[in-house]
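Visitor: need a 3D model of the following:
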Amino acid sequence: MGSWLFFAVIVAALVYLVMVYNRLVTLRNRFKNAFAQIDVQLRRRHDLIPNLVETARAYLSHERDTLTQVIAARDQAASARRDAAAHPDDNAAMGRLGQAESLLSGGLARFNAVLENYPDLKADLTLSQLMEELTSTENRIGFARQAFNDTVMDYNTCREQFPNNFISGLFGPFRAAQPLEIDLPQAREAIQVSF
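Guide: Numbers count the residues shown, from 1 in each chain. The predicted model follows:
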């Protein structure tokens, strides 16, 4: 009778171990899939920017530095995106992507500020359509990033809970994941209200 009880406890412990392991695998795959959704939107953003800059180039001949900075930031962000897409569980790659996208957002904010000085350019239909697509893409990135960060939080919470933390520690692929943080310069600006 005692050996059956011991055997039942061992089987229950193994079943629990398998269930926790499978749950961690499921959550890790969910955050990788959620990053794939961000990747689609970032790729779209990166593809729109050269068209936007090329459309504006004729009007902004003496603003070459701004255009060059936007393209350089775009290239850096695209490279960081490819690295992060290859390994969304690599915290260093996610950190580099967040920094590169923050730089790109800053460059686009400066680009938008320059556009304010050129009413003819703002009235250009092609540029207007590209800006609308870019704005729509930025919104999609925000939603996809929120979904990704939520799945990362679920994964990290599960791997840190007791006794899951022992299981995640025993099986190496369950490292902590990093949420994608993009610093948006316009979000830090004070809102100007005039009466």
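Visitor: where in this structure is pLDDT low?
Guide: 1, 172, 184-195 (pLDDT under 70).
Visitor: select the longest helix from the protein.
Guide: helix 2-57 (DSSP state H).
Visitor: any idea which helix or strand comes after that helix?
Guide: Next in sequence after helix 2-57, counting helices and strands by DSSP states H and E, comes helix 64-86.
Visitor: tell me which strands and helices that next one is in contact with?
Guide: helix 2-57, helix 91-115 (3 or more CB pairs under 8 Å, 6 or more residues apart in numbering; DSSP states H and E). Where C-beta positions appear, they are placed from N, C-alpha and C, glycine not excepted.
Visitor: pull the residues that contact the shortest one.
Guide: In this structure, residues lying in contact with helix 91-115 by CB atoms under 8 Å, 6 or more residues apart in numbering are 42, 49, 52-53, 56, 60, 63, 66-67, 69-70, 72-74, 76-77, 79-81, 83-84, 86-88, 121-122, 127, 134, 175-186.
Visitor: how does it look with 6 Å?
Guide: 63, 66, 69-70, 73-74, 76-77, 80, 83-84, 87, 121-122, 178, 180-186 (CB atoms under 6 Å, 6 or more residues apart in numbering).
Visitor: I'd like to know which of those residues are buried.
Guide: Burial by neighbour count, 16 or more other CB atoms under 10 Å: within those this picks out 63, 66, 69-70, 73-74, 76-77, 80, 83-84, 121, 178, 180, 182.
Visitor: OK, contacts around Glu160?
Guide: So Glu160 contacts nothing (CB under 6 Å, 6+ apart).
Visitor: hmm, try it at 8 Å
Guide: 168, 176.
Visitor: please apply the same query to the one 3 residues further on.
Guide: With contacts defined as CB under 8 Å, 6+ apart, the neighbours of Pro163 are Val20.
Visitor: give me whichever of the helices and strands packed on helix 64-86 is most buried.
Guide: helix 91-115 (a mean of 19; mean count of other CB atoms under 10 Å).
Visitor: off-centre distance for that helix?
Guide: Taking CA atoms, centre = their mean, to the nearest Å, the mean C-alpha location of helix 91-115 is offset from the chain mean by 11 Å.
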